[in-house]
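Peer 1: Okay, sequence plus prediction incoming.
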2 protein chains.
Amino acid sequence: MAKYEKIADDLRVRIRAGEWLPGGKLPSETPELTAHYKTSLPTIRQALGVLAAEGVVDKVHGRGNFVRKPRKRVMRTNQRHQWEKDRARAPEGTRKATGATEHDTGLTVSDLVFSADFRKVEAGEVLADIFGVAAGTPLLERIYRTRYQEEDAPFNLSHSYLVYDVVKANPDLLDASTEPWPGGTQNQLFTLGIELDRIEEHFTARPPTAEEAEELGLRAGVSVLIVRKVSIDTGGRVVEVSDVTLPGDRTELVYTTPLNRW
Amino acid sequence: MAKYEKIADDLRVRIRAGEWLPGGKLPSETPELTAHYKTSLPTIRQALGVLAAEGVVDKVHGRGNFVRKPRKRVMRTNQRHQWEKDRARAPEGTRKATGATEHDTGLTVSDLVFSADFRKVEAGEVLADIFGVAAGTPLLERIYRTRYQEEDAPFNLSHSYLVYDVVKANPDLLDASTEPWPGGTQNQLFTLGIELDRIEEHFTARPPTAEEAEELGLRAGVSVLIVRKVSIDTGGRVVEVSDVTLPGDRTELVYTTPLNRW
DNA sequence: GAGTGGTCTAGACCACTGT
DNA sequence: CAGTGGTCTAGACCACTCC
């Protein structure tokens, strides 16, 4: 086993044992750790790099290395979908009061900041296949960012796709300035005469790309959860596809599957 | 921007542009890349380290650096729960034929290898809280590993917990040699007179710990998906808690949420 | 300005892969 | 054995944080 791995293992054990508390500062790379482990600086840094990649340690330039504190997680349940459907036909006053994200998180509308950005794009092969249309069919792409009022980095980056020729029946839906739309996507679809039958969600996890790490303000050692939501209407047609990128250290998805009685 | 970041960006762009195909070999660190970027070896290695952490590049000792090929994903749906419940009361012959994992993946029983390991443990605070019992209550801990016949590393590592005093009514359930149990956990619970009402699943994602990377055979740049499954019986009691660790690059979870009609 | 981490160099030597 | 990546050294200099 390499020296840097032994050092990383040793530090991991000492951290787990509570030698430094969450948020606490580790000894300095130079001169403390190099002296303690009797090795050169790059070797110490390689060991700390391992722990940073695991999300155990936070490296902060100019300050030191710290034991990472667990982050508070935002829950996201699948009950939000039925909840949103039930409100899709409610009067505007009711719909304005709360959105699905606030419903899940218990936050109020004013805690959150949204931004929306709409574009007309052509369907690639994958999206065309899901929608059951020809590649090149025009789609409306809507990019949303949601963040806390007090934090700079968004905790949610979302790309939503709709078939352009379907949505254009209601011109308000083509205009980003109508966002955040009271009642959300299910109310928007309702204005087009569309009722959803079910929502299918696909989850995967991977390390963030450089762009995602930048945009979501992710430290080293944080994964992203990718949720692809496919909304299917009562006619079995796919009417919306939405890709949501969530920071793995701040997110917990909760899905309930009810079972039929014997 | 640091030199190694520029090099990483440049290589990422060239890889995305298809200069090297998935599975293809990048130029050697020395002498090719050091010469091309006119820099020292450690700087080239730092750049490649970034791409390896993102899962873009595979470093293989003695052979070279390769563009990572996307892995084939195994689907896991929430329909497996209803499917398993429907079979829980079926005759043994039917139950023996297929398990829930094979149902999801389309594999046959003989493609998969299971191993099971049972222990009696005391409930920690978190588990005690979920089960609604006192901390220290005896639990049956069951550790399962599932892997493909032809692969060495398991693709699934699972810890399941049951309240010991509840399961001991059927001594067969305390014995790991009865695994894999035809009909799965829901049939096991059925032998105890327990019917499930719903299953609640919690998903999170993070980089693997050193132990998980070892046990699941994960390369650098692969995240893990953690699924905590909580099974609730018709009396509203939590009867099983199961933590499953899945490799992020080989797994896709698919959850369908049906919606009530207007 | 003191303390601390980030980047980079030039090169030695070891370990693994395939011929 | 040749080719290639993995580890490690010793030290210079830069950049950020906080007093």
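Peer 2: Cool, got the structure. Numbering: from 1, shown residues only, chains lettered A, B, ... in the order given.

Peer 1: And whichever residue of the stretch 101-250 of chain A sits closest to DNA strand C, what's its pLDDT?
Peer 2: With CB to the nearest atom of the strand, the shortest gap between the stretch 101-250 of chain A and DNA strand C falls at residue A:220, namely 9.0 Å. Just so you know, the C-beta spots here come from the backbone N, C-alpha and C atoms, and that holds for glycine as well. You'll see residue A:220 listed with a pLDDT of 93.

Peer 1: does stretch A:50-57 come close to chain B?
Peer 2: Yes. For stretch A:50-57, a contact with chain B is found by CB under 8 Å from any CB of the partner chain, at A:50, A:53, A:54, A:55.

Peer 1: Please name the nearest non-neighbouring residue to the residue of the stretch 101-250 of chain A closest to DNA strand C.
Peer 2: Counting by CB to CB, 6 or more residues apart in numbering or on different chains, residue A:220 lies nearest to residue A:52, which is 4.7 Å off, once chain neighbours are set aside.

Peer 1: what's the answer for residue A:260, then?
Peer 2: Spatial nearest neighbour of residue A:260, excluding adjacent residues (CB to CB, 6+ apart): residue B:82 at 6.6 Å.

Peer 1: Name the next helix or strand downstream of the helix or strand hosting residue A:200, please.
Peer 2: According to DSSP states H and E, residue A:200 maps onto strand A:196-206. Next along the chain after strand A:196-206, taking DSSP H and E as the criterion, comes helix A:210-216.

Peer 1: what's the neighbour count on the closest residue to chain B within the stretch 1-150 of chain A?
Peer 2: The nearest approach of the stretch 1-150 of chain A to chain B comes at residue A:78, 4.5 Å away (CB to the nearest CB). Neighbours of residue A:78 under the rule other CB atoms under 10 Å in any protein chain shown: 20.

Peer 1: what sits against it?
Peer 2: Contact analysis of residue A:78 by CB atoms under 8 Å, 6 or more residues apart in numbering or on different chains lists A:199, A:201, A:254, A:255, A:256, B:255, B:257.

Peer 1: Please repeat the previous calculation with a cut-off of 10 Å.
Peer 2: By CB atoms under 10 Å, 6 or more residues apart in numbering or on different chains, the contact set of residue A:78 is A:104, A:199, A:201, A:253-257, B:78, B:201, B:255-257.

Peer 1: wait, which of the residues you listed is closest to residue B:129?
Peer 2: Nearest to residue B:129, judged by CB to CB, of the contacts of residue A:78 is residue A:254 at 15.9 Å.

Peer 1: From DNA strand D, how far out is that closest one?
Peer 2: 36 Å (CB to the nearest atom of the strand, to the nearest Å).

Peer 1: that's a strand at that residue, yeah?
Peer 2: Yes. Under DSSP: H, G, I helix; E, B strand; the rest coil, residue A:254 falls within a strand.

Peer 1: re the thing from before, export the contacts of residue A:78 to a markdown table and tack on distance to residue B:22 and pLDDT?
Peer 2: A markdown table is the format used below for the contacts of residue A:78 (distance: CB to CB, whole Å; pLDDT from 0 to 100):
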| residue | distance to residue B:22 | pLDDT |
| --- | --- | --- |
| A:104 | 37 | 65 |
| A:199 | 32 | 98 |
| A:201 | 27 | 98 |
| A:253 | 30 | 97 |
| A:254 | 35 | 97 |
| A:255 | 32 | 97 |
| A:256 | 38 | 97 |
| A:257 | 35 | 97 |
| B:78 | 31 | 95 |
| B:201 | 32 | 98 |
| B:255 | 29 | 97 |
| B:256 | 31 | 97 |
| B:257 | 34 | 97 |
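
Peer 1: Show me which positions of the helix or strand hosting the residue nearest to residue A:220 end up buried.
Peer 2: In the assignment (DSSP H and E), residue A:52 maps to helix A:41-54. Within helix A:41-54, the residues that count as buried by 16 or more other CB atoms under 10 Å in any protein chain shown are A:43, A:44, A:45, A:46, A:47, A:48, A:49, A:50, A:51, A:52, A:53, A:54.

Peer 1: out of these, which touch DNA strand D?
Peer 2: Contacts with DNA strand D within those, counted by CB under 7 Å from any atom of the strand: A:43, A:46.

Peer 1: so where do the helices sit in the stretch 101-250 of chain A?
Peer 2: Remark: helices assigned in the stretch 101-250 of chain A by DSSP state H, counting those that start in this stretch are A:125-131, A:164-167, A:184-190, A:210-216.

Peer 1: so of the ones you listed, which one's packed in deepest?
Peer 2: Stretch with highest mean neighbour count among the helices of the stretch 101-250 of chain A: helix A:184-190 (a mean of 21; mean count of other CB atoms under 10 Å in any protein chain shown).

Peer 1: helices or strands up against that one?
Peer 2: Packed against helix A:184-190 by the contact rule (3 or more CB pairs under 10 Å, 6 or more residues apart in numbering or on different chains; DSSP states H and E) you find helix A:79-87, helix A:92-97, helix A:100-105, strand A:156-163, helix A:164-167, strand A:196-206, strand A:224-233, strand A:238-247.

Peer 1: In terms of mean pLDDT, which of those ranks lowest?
Peer 2: The bottom spot among the helices and strands packed on helix A:184-190, by mean pLDDT, belongs to helix A:100-105, with a mean of 66.

Peer 1: how about low-confidence regions in the stretch 1-150 of chain A?
Peer 2: For the stretch 1-150 of chain A, the stretches with pLDDT under 70 are A:98-111, A:149-150.

Peer 1: tell me which parts of it are close to DNA strand D?
Peer 2: Where the stretch 1-150 of chain A comes near DNA strand D, counting by CB under 7 Å from any atom of the strand, the residues are A:2-5, A:39-43, A:46, A:60-63.

Peer 1: Any chance of a ChimeraX selection covering the buried ones in these?
Peer 2: For the buried members of those, the matching ChimeraX selection, counting by 16+ other CB under 10 Å, is:
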select /A:4,39,43,46
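
Peer 1: and of the residues of the stretch 1-150 of chain A next to DNA strand D, the nearest to residue A:114?
Peer 2: Nearest member of those to residue A:114, counting by CB to CB, is residue A:60, at 30.2 Å.

Peer 1: contacting residues around the closest residue to that closest one other than its chain neighbours?
Peer 2: Nearest residue to residue A:60, sequence neighbours excluded (CB to CB, 6+ apart): residue A:66, at 6.4 Å. Each residue near residue A:66 by CB under 10 Å, 6+ apart is listed here: A:20, A:22, A:23, A:24, A:25, A:26, A:57, A:58, A:59, A:60.
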